[in-house]
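Asks: Model the structure of this input:
(chains A, B and C)
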Amino acid sequence: MPELPEVETVRSGLAATVVGRTVVAVRVTGPRTVRRQPVRRFAARLTGRRVTAVGRHGKYLLVGTDRGTLVIHLRMTGRLALVDGPQAPRAPHTHAILTLDDGRELRFVDPRTFGELFFCLPGEPLLGQVTGRLGPDALVDELGPEVLGPLVVRRRTTLKGLLLDQRVIAGVGNIYADEICFAAGLRPDRRTESLRPDEVVRLSAALAAVMERAVAAGGSSLGDGSYRDLFDSPGAFQVEHAVYGRAGEPCRVCGTAVAGTRVAGRSAHYCPRCQS
DNA sequence: AGACAAGCCTGTACGC
DNA sequence: TGCGTACAGGCTTGTC
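Replies: Coordinates of the predicted model:
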């Protein structure tokens, strides 16, 4: 399930491979894949556009062109595949195909069809309506204790609920919320208003450290709808997971069995001894 | 066979 | 009353 580190891996892959390329054809076959605008309008706007940059805000991929932005959200099971040409075997659940001017194809594959694509012309409010709801990016933006502190204390929720709220911090999903809590030594069900200043300092450091390590490892490929990058390679961070998906297994630090529970309506994993 | 997993949106209920 | 938060439901389908 792609979260910030997985989306960032796709972003850097696209930046290295499709910047400067022009989209010469657009085919959308999935009926739900483009749902914020008519498919014909989407295709007409995107066709002929040259990619100038590839950005990201939280889990949203922002493909900049010479006129407008292609916005991609992978949600749970969405995947982008860059293939050499139309002869490449087509994965099941391929819902959109962008043909590039060098013959390669950028394909959007998504079994559960939660993911989506849309295209915003310059100055169109749609882009701002989406990204404007997002808080600072968990990787790119500075989230030192002085920034994080007010965000944390002002809310009355659980730490995990806070980390998952894209309006507060953009990019953290269920896996990394648990890993950040472990790295900070804080339980996911801790009330945010109870966090002391020194704990906010630990949280801030853990957020940056986990995001940076996960991006360096190319993200996590684990379980449901297992993530793959542009070239179908898995990430490597799952082997470093301290708690996520490890309920009942020994904590890598103290050996205590990792606890599995539910927090903020989500599965949650933590070490009862290392985290408070 | 049916519960479950996920991200995000929407609607509604609730507490301070 | 109003605000922020909590929770459930919807969307989907492969996996257990």
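
Asks: C-alpha from now on. contacts and neighbour counts both.
Replies: Fine.

Asks: and the longest helix for chain A?
Replies: Secondary structure of chain A read by DSSP state H shows that its longest helix is helix A:197-216.

Asks: what residues does the next helix-or-strand element following that helix touch?
Replies: Using DSSP states H and E, the helix or strand that directly follows helix A:197-216 along the chain is strand A:259-263. With contacts defined as C-alpha atoms under 8 Å, 6 or more residues apart in numbering, strand A:259-263 is touched by A:158, A:160-161, A:188-189, A:247-248, A:267-272.

Asks: Given strand A:259-263, what are its sheet partners and their directions?
Replies: strand A:266-270 (antiparallel) (DSSP bridges).

Asks: The strand it pairs with close to DNA strand C?
Replies: No: contact of strand A:266-270 with DNA strand C is not found when judged by C-alpha under 7 Å from any atom of the strand; the minimum separation is 9.6 Å.

Asks: Need the CA coordinates for that strand. CSV is fine.
Replies: Written as CSV, here are the backbone C-alpha positions of strand A:266-270 (Å, rounded to 0.1, in the frame of the first residue of the first chain):
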residue,chain,number,x,y,z
ARG,A,266,-6.8,0.9,12.1
SER,A,267,-4.7,-2.1,12.9
ALA,A,268,-1.9,-1.0,15.2
HIS,A,269,1.3,-2.6,16.4
TYR,A,270,3.6,-1.6,19.2
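
Asks: Give me the contact status of that strand with DNA strand B.
Replies: Yes: Strand A:266-270 is in contact with DNA strand B by C-alpha under 7 Å from any atom of the strand, via A:R266, A:S267.

Asks: now that strand, how far from the centre of its chain.
Replies: Chain-centre distance of strand A:266-270: 18 Å, with C-alpha atoms, centre = their mean, to the nearest Å.

Asks: same thing with stretch A:269-276?
Replies: With C-alpha atoms, centre = their mean as the basis, the mean position of stretch A:269-276 lies at 25 Å from the chain mean.

Asks: what does stretch A:250-258 give?
Replies: 28 Å.

Asks: Quick check: mean pLDDT of it?
Replies: When pLDDT is averaged over stretch A:250-258, the result is 94.

Asks: what sits up against that stretch?
Replies: Looking at stretch A:250-258 with C-alpha under 8 Å, 6+ apart, the contacting residues turn out to be A:A242, A:V243, A:R246, A:A247, A:G248, A:E249, A:H269, A:Y270, A:C271, A:P272, A:R273, A:C274.
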